[in-house]
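> Need a 3D model of the sequence below.
(2 chains)
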Amino acid sequence: MINLEVIDDILLKLKNYLQEKQIELVIRKRVYTLAVECLDNIYKHADHTNHISEIISEYPPRFIIEKIYDDFQINTGNIILDINKVKINDKLENLNKLTLDDITILYKKSLTNAEISDKGGAGLGLIVMAKITTQKIKYDFQKINDKFFYFAMQLTIKK
Amino acid sequence: MKTINIASTEKSPKVLFDPKKYIFEMEGNSRPENVRDFFYPIIDTLRDFFEEISPEKKFTDNETAFNFNFKLEYFNSASAKFISDILVIIKNGNDKGLNMKVNWYFDDGDDDMKEVGEDFSEMITFPFSFIMMQR
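Numbering: from 1, shown residues only, chains lettered A, B, ... in the order given. Next comes the predicted model:
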C-alpha cells in the first residue's frame, strides 16, 4: 500500500541514485519533479480504493523509473474512479495537442486560478508533467469494473 | 510586528520574515505534507503586514528595498500555487508605492529553475533580479 513514508523513501532513494550517477543537474531535477508529481497523484487517488483489497492486489499501484541510455522513462499505474476517467482523459488529450509555449501559457493561467483541495492538490500536476517532460504523454485506461479503471501513464525525459 | 522563522526540513523550506531588516527569505525544498497548513500562516502574515502599511509612510527610506529572496531548490505544483500567491502580495505592495525587490536565486546549470522564475515574473508583471549561485 502506498503511504507518505513509502513515497518519502522512494524519493530519497531516487535523489541519492541521481546524485551518485552524476546525472546532469537539469535532467536530475526533471526526473525528481516528475517522480514527485506522479507519486502525489497515485497517493491522492489511493484512498478511493484502499478498502477494496481484492482489486488492489490484482491492480496494485505502479511506479517504475528506467534509465534507457541517457533518457529516463517513468511508468505509473493506479486505480481511478470511473467518474474521474473522462476528466483525466480530456486533460491529457488537450495537453498532448499543445505546443510547449501553449503549455507554459496554460500553466501560468492555471496557477492564478488554482485552488488547493483538501488533499493538498492544486490540479496542476498533469500540466507540470507536460511542461517538464517536453514530450507527449502516453496513457491508457483499462476497465476493471463499473466503478473503477486502471490508469497507466508513461513519461519520458530526453537528454 | 509579526515575524516568521521556520527551519527547513527535507520536505519544507526555511522561511524567514523580518520586517525590521526588510527581508523575506524562502530557501530549500517545498513539498510539505500539508501544504495549506504550511503556507496559509505565512501568506496571512505577509498580507496583514503589507496591507497595513500606508504608501505615504512606507516601511523604510527610499534607498532601502524590502528584499524577497527565493532560493528554492525544488518545489511541487501545490507549493507553486502558494509561491504565486506570495508574489501577488509583493506586486500589490509595489503597486501602492512600496519599494519591493524580488531576488530569484538558481544554481549554476539549473536553467529550469531560472525559467520558472521568469514565468512567475511574467505572470505577475513584475521584474525579478536573477542571481546564479555556484555550489
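> Now do the contacts for the residue of chain B at minimum distance from chain A.
Taking Cβ to the nearest Cβ as the measure, chain B has B:Ser77 as its residue closest to chain A, at 3.9 Å. All C-beta spots, glycine's among them, are computed from the backbone N, C-alpha and C. Counting by Cβ atoms under 8 Å, 6 or more residues apart in numbering or on different chains, B:Ser77 makes contact with A:Glu37, A:Asp40, A:Ala122, A:Leu124, A:Gly125, A:Ile127, A:Val128.
> Excluding covalently adjacent residues, which one is nearest to it?
Excluding its sequence neighbours, the residue lying closest to B:Ser77 (Cβ to Cβ, 6 or more residues apart in numbering or on different chains) is A:Leu124, at 3.9 Å.
> and residue 41, how many neighbours?
With no chain named, the answer covers chain A. Using other Cβ atoms under 10 Å in any protein chain shown, A:Asn41 has 21 other residues around it.
> wrong one, I was asking about chain B
14.
> who's the closest residue to it other than its chain neighbours bridged to?
With Cβ to Cβ, 6+ apart as the criterion, B:Pro41 has its nearest non-adjacent residue at 7.9 Å, and that residue is B:Ile4. Beta-bridge partners for B:Ile4, by DSSP bridges, are B:Phe17.
> shaky segments in chain B?
Scanning chain B with the threshold set as pLDDT under 70 gives B:55-63.
> Please, which helix or strand holds residue 27?
Because you didn't say which chain, this covers chain A. With elements delineated by DSSP states H and E, A:Ile27 resides in helix A:25-46, which encompasses its position.
> To clarify, I was referring to chain B.
Secondary structure from DSSP H and E places B:Glu27 in strand B:23-30.
> now B:Ser79
B:Ser79 is located in helix B:77-95, with elements delineated by DSSP H and E.
> And the next helix or strand past the strand or helix carrying B:Asp44?
In this structure, B:Asp44 is located in helix B:35-52 according to DSSP H and E. Helices and strands here follow DSSP H and E; after helix B:35-52, the next one along the chain is strand B:66-75.
> How about the residues of chain B by chain A?
B:10-11, B:31, B:33-36, B:74, B:76-78, B:80-82, B:84, B:107, B:109-113, B:119, B:122-123 (Cβ under 8 Å from any Cβ of the partner chain).
> ok, 6 Å please
With Cβ under 6 Å from any Cβ of the partner chain as the criterion, chain B meets chain A at residues B:31, B:35-36, B:76-78, B:81, B:84, B:109-112, B:119, B:123.
> Quick check: beta-bridge partners of the residue positioned nearest the centre of chain B?
Taking Cα atoms, centre = their mean, the centroid of chain B lies closest to B:Phe68, which sits 4.8 Å from it. Beta-bridge pairing for B:Phe68 (DSSP bridges): B:Phe24, B:Val102.
> could you list every residue that touches it?
Taking Cβ atoms under 6 Å, 6 or more residues apart in numbering or on different chains as the contact definition, B:Phe68 lies against B:Phe24, B:Ile90, B:Val102.
> now do 8 Å
Under the criterion of Cβ under 8 Å, 6+ apart, the neighbours of B:Phe68 are B:Phe24, B:Glu25, B:Ile86, B:Ile90, B:Met100, B:Lys101, B:Val102, B:Asn103.
> Would you mind confirming that the fifth one is in contact with B:Gly93?
I take that to be B:Met100. Yes: counting by Cβ atoms under 8 Å, B:Met100 sits close enough to B:Gly93 to count as a contact (5.2 Å).
> overlap in contacts of these two?
By the contact definition Cβ under 8 Å, 6+ apart, B:Met100 and B:Gly93 are jointly contacted by B:Phe66.
> still on that earlier bit, of all the contacts of B:Phe68, which comes closest to A:Phe151?
Closest to A:Phe151 out of those is B:Ile86 (33.2 Å), distances taken as Cβ to Cβ.
> what number of residues lie near that closest one?
Neighbour count of B:Ile86, defined by other Cβ under 10 Å: 21.
> How about B:Glu73?
18.
> now it: how far from B:Asn34?
Taking Cβ to Cβ, to the nearest Å as the measure, B:Glu73 falls 20 Å from B:Asn34.
> Okay then, goodbye and thanks.
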